[in-house]
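Undergrad: Fold the following and give me the result.
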Amino acid sequence: MAALDQKSPNVLLQSLCCRITGKSEADVAHQFQYAVRVIGSNYAPTIERDEFLVSEKIKKELLKQRREADAALFSELHRKLQTQGVLKHRWSILYLLLSLCEDPRKPSSRVGSYGTVFAQALPCDAHSTPFYYARPQSLSLSYPERSVLAAHNASSMGTSGISSLGVYPVNGPGPSPQSLLTGSGAQPVTDPTRGSRLAWALPLSGSPSGAAPPTSRPPVGPASAPPARPLHRQRRDGDGSAEISEAALVRDILYVFQGIDGKFIKMCAPENCYKIDSKVPLFSTEAFGLVGQSFCASLHQELKEYYRLLSVLHAQLQVEDDQGVNVGVDSTLTLRRLLVWTYDPKIRLKTLAALVDYCQGRKGGELASAVHAYGKTGDPHMRALVQHILGLVSHPILNFLYRWIYDGELEDTYHEFFVASDPTVKTDRLWHDKYSLRKSMIPSFITMDQARKVLLIGKSINFLHQVCHDRTPPGKILPASKSTDSPKDAAELFTDLEGAFQSKIDAAYFETSKYLLDVLNKNYQLLDHLQAMRRYLLLGQGDFIRHLMDLLKPELARAATTLYQHNLTGILETAVRATNAQFDSPEILKRLDVRLLEVSPGDTGWDVFSLDYHVDGPIATVFTRECMSHYLRVFNFLWRAKRMEYILTDIWKSQMCNAKLLKSMPELSGVLHQCHVLASEMVHFIHQMQYYITFEVLECSWDELWNKVQQAQDLDHIIAAHDVFLDTIISRCLLDSNSRSLLNQLRAVFDQIIEFQNAQDTLYRSALEELQLRVQYEDNKRQREQEGEWGVTAEQEAAENKRVQEFKDTIPKMCSQLRLLTHFYQGIVQEFLRLLMTSSDESLQFLSFRLDFNEHYKARDPRLRPSLGATRGRRSSNI
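TA: A predicted model of the protein is given here:
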């Protein structure tokens, strides 16, 4: 049982507090109680919960210490840990390890408890006399204590109390409060570095000085609450209200849960409910951020000079009082001299007050833009002042920017940087949706083009690591530049936005984008997949498509509900092995597949068959689901058009084969001539449409796409060029919403071609049956004559004549059917031509001219005449 107690969380936590502080269990009661509260609270870290990011930081830390073997071992152990389901919170463990490996003696880069100077936003009356904040090296004092401390410092230093104004360093918190480490505030700490990490986690206001041990339980009630902890912010001079802290409200709510009135939340009898006193202002939870903290630091630097002047004047006055009448008139501090000496500080303070009012309610890049805009003045002194403040304010932004473009890391707790991250986005949509620009946070001194390049640089680094699984360190992709060591460096860099800053951004942009495109082309064959889309989904591989149609014809002629995908997949593999497609890369061929669309009643296999191309990994960033749906629509359109060409080829072959056979039946000459004429019209129409689709749409668009891809500087250029390519094909192939009427007419033409094939097949089938019967009749007649008998009897001859007459009677019906089919077909084509000529696309207008090159349809439809004349007029005017 004792062994179990030694492993309990409380015992282990108390041992950890003892080891960190180097004290006994009795001396760490306060720290242990605070640690228990922290563990049981909902505190969240100031970074993203990204396991990959934390593991990369640990490896970078090991590499900085020249421990490459340990970094490789850590990477292997982390990979094994990911494959096992033992730990559910791997990120928390890795973050703990990362925190423990940091040196507490170094200034931390994380956002800590910087005291009241940086924990609050700009005060509402920041334009008035500045507020004396507490020193960061001590606990918060009440106003009487603060005045006593100020008087003591003034008497000891011989100044006017300037030392009471503490200024925080921008890079981290000051020394830890000793009273929190010792428990009582009187015992010194033997080692100042030990326990500093625990001290950082403690708030500067501390916990109650008379806190009970963790085993004791305080009595319930407002009267028993510890009095040492301030429940609200102390009032400033001239401030008529004091904001309530969140802790005070939480304490009152706990009393209200027990039916006890709190200090600020009391029972309202008329409404029969608890309400907060309307006279008490609530606290503000708006985070100020690092840029706002830098702004406060810059203001304190300026105010420090002002208080130094006051100290000098006070000392001068003190000297005059001490020496009395011995002081000459020339060196006496007079009102006139005081007016002269305070003139410049007054102007600076007025500028700072106006700047504070102008920046009220802003943060991050928006605050930097406000400071930058305020510096556009003709006064060189005021411009220099604002420029100095801008250097301090823009320093955190530049640190954000350098970490983003050189490491791909984005630790923006207060959402101040102009690059935003959405942690809910999955890896497959990282490039498109995870990172975006906060336009309101883009500083006015950074152009939109520079901001877009900054976004692309960091996005490319994260895409390489998380999607492409490229483990190349960012330092090897591009040489890391020296970060801004001081606000002065930031100010100098931002003053040369078109020189040094632009060159840094351009160098990182070109190197990172070039490396990303090389990885996509060499490791993932992006260009090969792009060409595969052209060959298979856009029917560019002619021999393969023709052979596939020949093999699929028996299967696709059946009803769509009787098709099986595995049978069609086998036919697809046969077509690949029998054509030049077999020489393509296996990586491409394994992605080619058959897809059956949704079946509607009456559909055949031709209506539901489609080729598919599977994409995943990094190439899915270019070939998104929307792009693949566009490819599917274009393939169905091209497949149907190719089928019409295939049908007309079969019609022509049957006409050529049966022409000589049916010469012996002169009564069919009119019908056959009508079939030949209609078939010629359809062949001309389909050939012109195929030429337009293949050469004017696909080939021209593909050539533009390929040129843009070869000249692309980043992945966004490739994606944009590919999207333009698909949009052009969709619109010029009549598949967009604006060309719906044209597409309907074209589909009607295709339907007429299929009907014509069925009508001609019926005609040839009945004609060949009749021909075979006639040949058989003549053969029987000849054979009987050779045997010396009569060739036919009267009954046989009458039956033969009757059958021939019945066949001849069906010919007018066939003619009328063909005439009706021709009439419908020509009417649809005429309407199609009319829509083409009224189109705003010149290529469609030229297509109408090629379809009616001999003005055959113009002579039949008067509506086409003015359109054709207007078209010629426009063409001549363009020439």
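Undergrad: what is the rounded mean pLDDT of the helix or strand that contains His388?
TA: Assigned by DSSP states H and E, His388 belongs to helix 380-407. In this model, helix 380-407 carries a mean pLDDT of 89.
Undergrad: Mind giving me the packing neighbours of it?
TA: helix 289-323, helix 343-358, helix 364-374, helix 448-466, helix 474-477, helix 487-495, helix 500-522 (3 or more C-beta pairs under 8 Å, 6 or more residues apart in numbering; DSSP states H and E). (Each C-beta comes from the backbone N, C-alpha and C, glycine too.)
Undergrad: what's the angle between the longest one and helix 343-358?
TA: It refers to helix 289-323. Using axes from the mean of the first three to the mean of the last three C-alpha atoms, to 10 degrees, the inter-axis angle of helix 289-323 relative to helix 343-358 is 150 degrees.
Undergrad: now do the fourth one
TA: Orientation of helix 448-466 against helix 343-358 (the same axes, to 10 degrees) gives an angle of 60 degrees.
Undergrad: If we go by neighbour counts, what in helix 448-466 is buried?
TA: For helix 448-466, burial by neighbour count (16 or more other C-beta atoms under 10 Å) applies to 450-451, 453-466.
Undergrad: Which one of these is nearest to Gly22?
TA: Minimum distance to Gly22 across these is 40.7 Å, recorded for His465 (C-beta to C-beta).
Undergrad: wait, what's in contact with that closest one?
TA: Applying C-beta atoms under 8 Å, 6 or more residues apart in numbering, we find His465 in contact with 52, 56, 408, 471.
Undergrad: how about 10 Å then?
TA: Applying C-beta atoms under 10 Å, 6 or more residues apart in numbering, we find His465 in contact with 52-53, 56, 408, 471-474.
Undergrad: How about Gln710?
TA: Residues in contact with Gln710 (C-beta under 10 Å, 6+ apart) are Leu527.
Undergrad: give me the element it is part of.
TA: Going by DSSP H and E, Gln710 is part of helix 700-711.
Undergrad: and the angle from that helix to helix 500-522?
TA: 120 degrees.
Undergrad: Tell me the buried residues in the helix or strand just after helix 700-711?
TA: Following helix 700-711 in sequence order, the next helix or strand is helix 715-732 (DSSP H and E). By neighbour count on 16+ other C-beta under 10 Å, the buried set for helix 715-732 is 715-719, 721-722, 725-726, 728-730, 732.
Undergrad: Just the closest of the residues you listed to Ile811, please.
TA: Among the buried residues of helix 715-732, Arg732 lies closest to Ile811 (C-beta to C-beta), at 44.0 Å.
Undergrad: now the closest one, nearest residue through space, not along the chain?
TA: With C-beta to C-beta, 6 or more residues apart in numbering as the criterion, Arg732 has its nearest non-adjacent residue at 4.6 Å, and that residue is Val697.
Undergrad: isn't that neighbour right up against Asp703?
TA: No: the criterion here is C-beta atoms under 10 Å, and Val697 misses it with Asp703 at 11.4 Å.
Undergrad: which of those two has more neighbours?
TA: Val697 (21 against 10; other C-beta atoms under 10 Å).
Undergrad: count of residues packed around Arg747?
TA: Residues near Arg747, counting by other C-beta under 10 Å, number 14.
Undergrad: Using CSV, write out the CA atom coordinates for stretch 848-864.
TA: Provided in CSV are the C-alpha atoms of stretch 848-864 (Å, rounded to 0.1, in the frame of the first residue of the first chain):
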residue,chain,number,x,y,z
SER,A,848,-21.3,28.3,-87.7
PHE,A,849,-19.7,29.5,-91.0
ARG,A,850,-17.8,26.3,-91.4
LEU,A,851,-20.9,24.2,-90.7
ASP,A,852,-22.9,26.1,-93.4
PHE,A,853,-20.0,26.8,-95.8
ASN,A,854,-22.2,26.4,-98.9
GLU,A,855,-25.2,28.3,-97.4
HIS,A,856,-27.3,25.2,-97.7
TYR,A,857,-29.1,25.9,-94.4
LYS,A,858,-29.2,29.6,-95.1
ALA,A,859,-31.3,29.0,-98.2
ARG,A,860,-33.8,26.9,-96.1
ASP,A,861,-34.2,29.2,-93.1
PRO,A,862,-34.6,33.0,-93.7
ARG,A,863,-33.7,33.6,-90.0
LEU,A,864,-30.1,32.8,-90.8
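Undergrad: and that stretch, how far from the chain's centre?
TA: On the basis of C-alpha atoms, centre = their mean, to the nearest Å, stretch 848-864 sits 51 Å off its chain's mean C-alpha point.
Undergrad: Which residues belonging to that stretch are considered buried?
TA: For stretch 848-864, by 16+ other C-beta under 10 Å, it's 848-849, 851-852, 857-858, 861, 864.
Undergrad: For whichever helix in the chain runs longest, the averaged confidence score.
TA: The longest helix of the chain (DSSP state H) is helix 740-786. Across helix 740-786, the average pLDDT comes to 90.
Undergrad: What's the first helix or strand after it?
TA: Next element after helix 740-786 (DSSP H and E): helix 794-837.
Undergrad: Determine how far that next one lies from the middle of the whole chain.
TA: 62 Å.
Undergrad: In terms of secondary structure, what does it contact?
TA: helix 669-691, helix 740-786, helix 842-851, helix 856-860, helix 864-878 (3 or more C-beta pairs under 10 Å, 6 or more residues apart in numbering; DSSP states H and E).
Undergrad: Distance to Arg534 added to those, as a markdown table?
TA: Listed next are those as a markdown table, based on distance: least, C-beta to C-beta, whole Å:
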| stretch | distance to Arg534 |
| --- | --- |
| helix 669-691 | 17 |
| helix 740-786 | 23 |
| helix 842-851 | 20 |
| helix 856-860 | 34 |
| helix 864-878 | 32 |
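Undergrad: Kindly reformat the helices and strands packed on helix 380-407 as CSV containing mean pLDDT and distance to Gly602.
TA: CSV is the format used below for those (pLDDT from 0 to 100; distance: least, C-beta to C-beta, whole Å):
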stretch, mean pLDDT, distance to Gly602
helix 289-323, 87, 65
helix 343-358, 91, 72
helix 364-374, 91, 61
helix 448-466, 94, 47
helix 474-477, 74, 58
helix 487-495, 61, 69
helix 500-522, 91, 45
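Undergrad: Identify the residues contacting Arg640.
TA: Going by C-beta under 10 Å, 6+ apart, the list of residues near Arg640 reads 606-607, 746-747, 750.
Undergrad: Can I get the buried part of those as one PyMOL selection?
TA: To isolate the buried subset of the contacts of Arg640 in PyMOL, counting by 16+ other C-beta under 10 Å, use the following:
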select buried, resi 606+746+750
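Undergrad: filter the contacts of His465 to the buried ones?
TA: Buried, going by 16+ other C-beta under 10 Å: 53, 56, 408, 474, out of the contacts of His465.
Undergrad: For the closest residue in space to the first one that isn't next to it in sequence, grab phi and psi.
TA: Right, the one you point to is Leu53. Of all residues not flanking Leu53 in the chain, Glu409 sits nearest, at 6.8 Å (C-beta to C-beta, 6+ apart). When read as degrees, to the nearest 10, the backbone of Glu409 gives phi -100, psi 140.
Undergrad: For Glu409, give me its contacts.
TA: Counted by C-beta under 10 Å, 6+ apart, Glu409 has contacts 47-48, 50, 53, 56-57, 60, 400, 402-403, 458, 461-462, 474.
Undergrad: Determine which two of these are furthest apart.
TA: Greatest spatial distance in these: Asp50 and Tyr402, 19.4 Å, computed using C-beta to C-beta.
Undergrad: Show me the residue sitting in the middle of this structure in space.
TA: Asp433 (2.0 Å; C-alpha atoms, centre = their mean).
Undergrad: so what's it up against?
TA: By C-beta under 10 Å, 6+ apart, the neighbours of Asp433 are 422, 424-426.
Undergrad: What pLDDT does the model give it?
TA: pLDDT for Asp433: 93.
Undergrad: what's the answer for Leu202, then?
TA: 34.
Undergrad: Need phi/psi at the residue of the chain most remote from its centre.
TA: Distance from the C-alpha centroid of the chain peaks at Gly788, with 95.7 Å (C-alpha atoms, centre = their mean). Here is the backbone geometry of Gly788 (degrees, to the nearest 10): phi 90, psi 20.
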